[in-house]
Every structure is written in C-alpha cells, then in structure tokens.
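Q: Return a 3D structure for these sequence lines:
(chains A and B)
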Amino acid sequence: MSAGRVWRCWLALMVLLALTTGLAFVPLGSANLFVSLGIAVAKALLVLIVFMELKGSSSLIRAAAAAGFFWLAIMIALTSADYTHRTDVRVPLDKID
Amino acid sequence: MAEAATPPLGIQYASSPQEREAVTLGMWTFLATEVLFFGALVAAYFNYRIWFGGEFIAAARLTKVAFGTVNTGVLLTSSACMAMAVSTYEAGSRRRPVLWLAATALLGLAFIAIKATEYWLEYQEQLVPALNFDLAKHGGVAEIFFMFYFCATGLHALHLMIGIAMVAWLATWIGIGRIDRGGSTTRLIGLYWHFVDVVWIFLFPLIYLAGRNG
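A: Model (predicted):
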C-alpha cells in the first residue's frame, strides 16, 4: 500500500465526515437516517477495502470478513421483525405504574 | 539477502504465505465475533428508535456533536497513521513504523481525552444513568438513550484502550528489534485498530447525528 493511496483514502474519509455532519442539519425528514447510514457504509467500506487491505486479499479472507456483517444483518432483521410487532412492554422507567 | 529477515515458520505451516493467510483468517474470525458483539447494541438502538420514535431521537440531541465530529476525525486520522505504519513496516523500514505507531497511539489517547471530557460534561448535566440521571428533567426515554450511549461508547473506548496498549507495545518491540521483520504482528494489530474505527464510523451517526434535522 503506497503512502499516496493511504492519504487519498484519508482525504476521502474526511470529505465524507464533513458531508455527513453537514447533511445531518439539513431537514430531510426520515431520509436523514438513510443518508447518514449510507455515508457510514461508504466510510466503512473505504476502511475495510483500503486500510484493512480486503482489496488484494484472497476470497477466503473476504468471505470471512463478510460473514460477520451477514450474520449481523440476520440478527438485526429478525430482532426488529419481533420487536416491531409487539404491542406490550414499551414503557420507560418513569412511566411504570 | 531477504532470507535472513524472514521470521521462523510456525511448525504447522508449509510455507510463509500459508502462515500469513491463516493468521489473517484467524484475526478476521475474531473480528466477526466483534461485529456481532457491537451489532447487538446497534440492534437494540434500532428497536428503541422504532419503539420510542421522536422522544428517543430528541434525546440524541443532548449529545455533543462538535466533540463527536472532531473525535471521528481524530480516529480516522489514527487509522491512516496505522496504515502508514503497516506499509512502512512491510517495506522493511524499522524507524518509520515506530514513528507512525507512536502517532497512532497518541491520536488514540487524544480520542480518549476528548471522550473523557464529554463524559465529564454529561456528568455535570446529570445525564449519567445509575449515577446522577435527572429523570424529572430529561425523562425516561432519554435515560434509555443515555444507557445505550454509555454502554456503546464505553465498550468502544475500552476496545480503543486495549488497541493503544497493543500499539505502544508493538512500537517498543519494533524499536528494540524484538519483532522479526516480515512477521504478521503489525498487520494483525492494524486490522484490530481499523476495526475499532469501523465500529465508531457506525456509532457516530446513530449517536451524534440523529435528531439534528429539526
């Protein structure tokens, strides 16, 4: 990995950081969440591919790296599917009788 | 020639590339468990957000977005320094990786210092659950948000402190020549450091940027 590549990646990360912080203050309704998460995914991919050298790694390493995120997606999807369909136990501490 | 610098091969490996692949795979397997560890917190965050909606998002506005943004910049820069350390180390330099590792560790310490300042300010604003949370002033949903906030950022800071200790150790050992050139230790500690950065990349928008649009 050349120094130029490292610092170009760093610059891209800084631009994305400025962009995500700036856009967070623009009223876009519920789209704000998707914009900030989309930029977070872009930043994470830059770190994973460039700094963590997934580009140039073998398929085995890439599959292992993807596996954690794949299982996480399953966990979040199934947990959310459960909790979004519950109607009970939604009471914060100060509202319990 | 370069052969003299090659570290001794572990007895279970047939070749140096095989060893490199195996230890890298081991590190990524550990990092996959870490993805799920922090992922459970993120899953909890989304469910709180679905349940409590606007009240939960409003609590996120009580966090200090300037501190969070600066800290994100500090951590991303530390990752770039770590990448430079790995790159100069693999190129065969002995002095330069030590300097880059020192820069990485110092930026890590700067992150912890900024985070500690933030915690102190939040303590003064009575936002710390189980310690001095002002339920009457901030409400129960905000208490749940700050419970998430302290668990997530606290566990992240713990990971970072472990990273700082490892980077400091690594810099010392490379400096005194105790680590074989061509080994994987630097690269593997680098992977861990970058991973801690990736965790923060996701915590940052969820904690600091939520609710700023209204």
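Q: Show me where chain B has its helices.
A: Under the criterion DSSP state H, helices of chain B are mapped to B:16-60, B:65-90, B:95-124, B:135-138, B:140-175, B:185-204.
Q: Format those helices as CSV; extra columns: distance to A:Asp82, mean pLDDT and mean neighbour count.
A: Where you see a C-beta, it was placed from the backbone N, CA and C, and this is true even at glycine. Below are these laid out as CSV (distance: least, C-beta to C-beta, whole Å; pLDDT from 0 to 100; neighbours: other C-beta atoms under 10 Å in any protein chain shown):
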stretch, distance to A:Asp82, mean pLDDT, mean neighbour count
helix B:16-60, 9, 93, 17
helix B:65-90, 30, 97, 22
helix B:95-124, 32, 97, 18
helix B:135-138, 28, 90, 13
helix B:140-175, 18, 96, 19
helix B:185-204, 22, 97, 24
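Q: Would you tell me which of these gets closest to A:Thr21?
A: Nearest to A:Thr21 among the helices of chain B is helix B:65-90; the distance by C-beta to C-beta comes to 5.0 Å.
Q: now the angle between helix B:140-175 and that closest one, please.
A: 20 degrees (axes from the mean of the first three to the mean of the last three C-alpha atoms, to 10 degrees).
Q: so how far is helix B:65-90 off the chain centroid?
A: Centre-to-centre, helix B:65-90 and its host chain are 10 Å apart (C-alpha atoms, centre = their mean, to the nearest Å).
Q: Is there proximity between that helix and chain A?
A: Yes: using C-beta under 8 Å from any C-beta of the partner chain, we find that helix B:65-90 touches chain A at B:65, B:69, B:72-73, B:76-77, B:79-80, B:82-84, B:86-87.
Q: Stretch B:10-24 now?
A: Yes: interface with chain A: stretch B:10-24 contributes B:21, B:24 (C-beta under 8 Å from any C-beta).
Q: what comes into contact with that stretch?
A: A:57-58, A:60-61, B:6, B:9, B:182, B:184, B:187-188, B:191 (C-beta atoms under 8 Å, 6 or more residues apart in numbering or on different chains).
Q: so how far is it from its chain's centroid?
A: 27 Å.
Q: Next: stretch B:147-161.
A: 9 Å.
Q: now, among the contacts of stretch B:10-24, which is nearest to A:Val35?
A: For these, the nearest to A:Val35 is B:Leu191 (28.8 Å; C-beta to C-beta).
Q: Now for the closest one: which residues touch it?
A: A:52, B:24, B:27-28, B:31.
Q: ok so, going back, could you export the helices of chain B as CSV, including distance to A:Gly4?
A: Below are those laid out as CSV (distance: least, C-beta to C-beta, whole Å):
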stretch, distance to A:Gly4
helix B:16-60, 24
helix B:65-90, 11
helix B:95-124, 15
helix B:135-138, 48
helix B:140-175, 23
helix B:185-204, 18
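Q: Where do the helices of chain A begin and end?
A: For chain A, the helices defined by DSSP H cover A:3-24, A:31-46, A:59-84.
Q: need the ones you listed in CSV with mean pLDDT and mean neighbour count, can you?
A: Below are those laid out as CSV (pLDDT from 0 to 100; neighbours: other C-beta atoms under 10 Å in any protein chain shown):
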stretch, mean pLDDT, mean neighbour count
helix A:3-24, 97, 16
helix A:31-46, 96, 18
helix A:59-84, 92, 14
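Q: Now tabulate those in JSON lines and tack on distance to B:Gly140.
A: Below are the helices of chain A laid out as JSON lines (distance: least, C-beta to C-beta, whole Å):
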{"stretch": "helix A:3-24", "distance to B:Gly140": "25"}
{"stretch": "helix A:31-46", "distance to B:Gly140": "23"}
{"stretch": "helix A:59-84", "distance to B:Gly140": "18"}
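Q: rewinding a little: for A:Ile74, state which of the contacts of B:Leu191 is nearest.
A: B:Leu31 (17.4 Å).
Q: Hmm, that closest one is touching A:Ala65, no?
A: Yes: the criterion here is C-beta atoms under 8 Å, and B:Leu31 meets it with A:Ala65 at 7.4 Å.
Q: Many thanks, have a good one.
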